[in-house]
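Undergrad: predicted structure and sequence below. I'll ask about it afterward.
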Amino acid sequence: MISLMVPWHRIFGLLLTDLFTGSPFEVEMEKDLSARKQLLDIAIVRKTGPVPASLILPDGLEGLSDFNLFTYKSLHQAVDAWALQELIGHYVNYRKLLGEPSGALLQEASFRLYALSTREPDVLSSLGGVEAGDRPGVYDIKWFQPSLRLIVLSQIETKPENGLWHLFSGRPDRVAEAARTYRFRRGDLSTVVNSLFEAYGLEGLTMPYTVTDYLKEEALRLRYILTPEERLEGLDPADRLKGLDPEQRLRGLEPEDVLEHIDSEEIEAYLRKIRSGRQLP
C-alpha cells in the first residue's frame, strides 16, 4: 500500500516537537517499550516547570498530564478497537517501565492516552461510552481509566490554534491554509512541510497550495531575518547587479578604484572626446 511509504508518524512527531519547544514537555518519538520493538508512536512527557502562557495548545490537548501517550492513524489507517487495545498495552508497558526497578507504579492520574485519527474512525459507532466533547472532533472514551481521548483531525474546528491539526487533516483547503499561516517555534522546518506535501501527493491528494508556493513564502519571510551578506550568498555577481543604474553601481567607490580596472587607451579615448566637445555615448 502506498501509505506505507509515507513517514507520517515521523513528520507528525517532528511538528509536535516544534509545538512543545520552550515548554516543560519533551516529545519522544517511537519510544521502544520492549526488546521486541513494540514502538509507541509518540510520548509527550513533562520535564520541568509550569506550562507557560505562551503555549497555546490545539483542541483536545488541554489538561496534559505528566505522561501523555499517543497513537496516530493517517489517511488510510483507522483507529479501531485493536488500535485502542494496542495503545492501552503501550500504557501498561510504559507504566511498568517507569516503575522499575522497585516495581512501584506511578498513579493513573499521571497518564493520559490519546488516539489521533485523520478521518472519522469506525470505532465511534461500534464502541459504547464514547462521549463527544464541547468542540468538534474531540471525543472522550469513558470506559477506560486513565483518561483516553480520541481526536478526529478532519473534524477539528478551523481556528489558528488548530493549525497543527489542520496540517494532518487530509482536507486540502485546511492543509494549504495551515501551511501558509502556521508559525513554527524551531528554526526552518520547510523540509518537514515539504515532506508533508509530498506525502499527500503519494496518497493521491492534490494540494491547492504547493511546496513551491510554501518555499517562496518562506524565502520572502526569511529575507527580513537574514543579514544582507546571507541574502546575497550564492548569487552570481551579474545577478547582484541586475536592476541597478550606473550611479548605484559606482556608489561608495573612489575614482581610482574604477579607473584601475579600465584600459588606459579607453581612458585616453574618453578624454579626447571630452576635449573635442563630442557628445558622449
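TA: Yes, it's here.

Undergrad: which stretches of the protein form strands?
TA: Taking DSSP state E as the criterion, the chain contains strands spanning 25-32, 39-46, 67-73, 111-117, 130-132, 138-141, 148-152.

Undergrad: and those strands as JSON lines, adding mean pLDDT?
TA: Shown next, in JSON lines, are those (pLDDT from 0 to 100):
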{"stretch": "strand 25-32", "mean pLDDT": "87"}
{"stretch": "strand 39-46", "mean pLDDT": "93"}
{"stretch": "strand 67-73", "mean pLDDT": "96"}
{"stretch": "strand 111-117", "mean pLDDT": "95"}
{"stretch": "strand 130-132", "mean pLDDT": "80"}
{"stretch": "strand 138-141", "mean pLDDT": "91"}
{"stretch": "strand 148-152", "mean pLDDT": "94"}
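
Undergrad: for Leu271, which of the ones you listed is the nearest?
TA: Among those, strand 25-32 comes nearest to Leu271, with 71.7 Å by Cβ to Cβ. Quick note: C-beta positions are derived from backbone N, CA and C, even for glycine.

Undergrad: on that earlier part again, tabulate the strands of the chain (CSV), appending distance to Lys96 and mean neighbour count.
TA: Below are those laid out as CSV (distance: least, Cβ to Cβ, whole Å; neighbours: other Cβ atoms under 10 Å):
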stretch, distance to Lys96, mean neighbour count
strand 25-32, 13, 16
strand 39-46, 13, 20
strand 67-73, 12, 23
strand 111-117, 12, 23
strand 130-132, 27, 13
strand 138-141, 22, 19
strand 148-152, 18, 23
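
Undergrad: save the ones you listed as CSV, and put in distance to Arg186 too.
TA: Below are the strands of the chain laid out as CSV (distance: least, Cβ to Cβ, whole Å):
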stretch, distance to Arg186
strand 25-32, 11
strand 39-46, 16
strand 67-73, 19
strand 111-117, 21
strand 130-132, 34
strand 138-141, 26
strand 148-152, 23
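
Undergrad: nearest to Val192, of those?
TA: strand 25-32 (12.8 Å).

Undergrad: just checking: what are the partner strands of that closest one?
TA: The strands that strand 25-32 pairs with in its sheet are strand 39-46 (antiparallel) (by DSSP bridges).

Undergrad: quick one: residues contacting the closest residue to Arg10 other than its chain neighbours.
TA: Using Cβ to Cβ, 6 or more residues apart in numbering and skipping residues adjacent in sequence, the residue nearest Arg10 is Met29, 7.0 Å away. Contacts for Met29 (Cβ atoms under 8 Å, 6 or more residues apart in numbering) come out as His9, Arg10, Gly13, Leu14, Thr17, Asp41, Ile42.

Undergrad: over to Arg171?
TA: Taking Cβ under 8 Å, 6+ apart, one finds Ser154 in contact with Arg171.

Undergrad: could you do the one 10 residues further on as well?
TA: For Thr181, the residues meeting the contact criterion (Cβ under 8 Å, 6+ apart) are Pro160, Gly163.

Undergrad: quick check: it vs Asp140, distance?
TA: 29 Å (Cβ to Cβ, to the nearest Å).

Undergrad: let me have the contacts of Met29 in JSON lines, extended by distance to Leu148.
TA: Conversion of the contacts of Met29 to JSON lines gives the following (distance: Cβ to Cβ, whole Å):
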{"residue": "His9", "distance to Leu148": "19"}
{"residue": "Arg10", "distance to Leu148": "24"}
{"residue": "Gly13", "distance to Leu148": "20"}
{"residue": "Leu14", "distance to Leu148": "25"}
{"residue": "Thr17", "distance to Leu148": "23"}
{"residue": "Asp41", "distance to Leu148": "15"}
{"residue": "Ile42", "distance to Leu148": "15"}
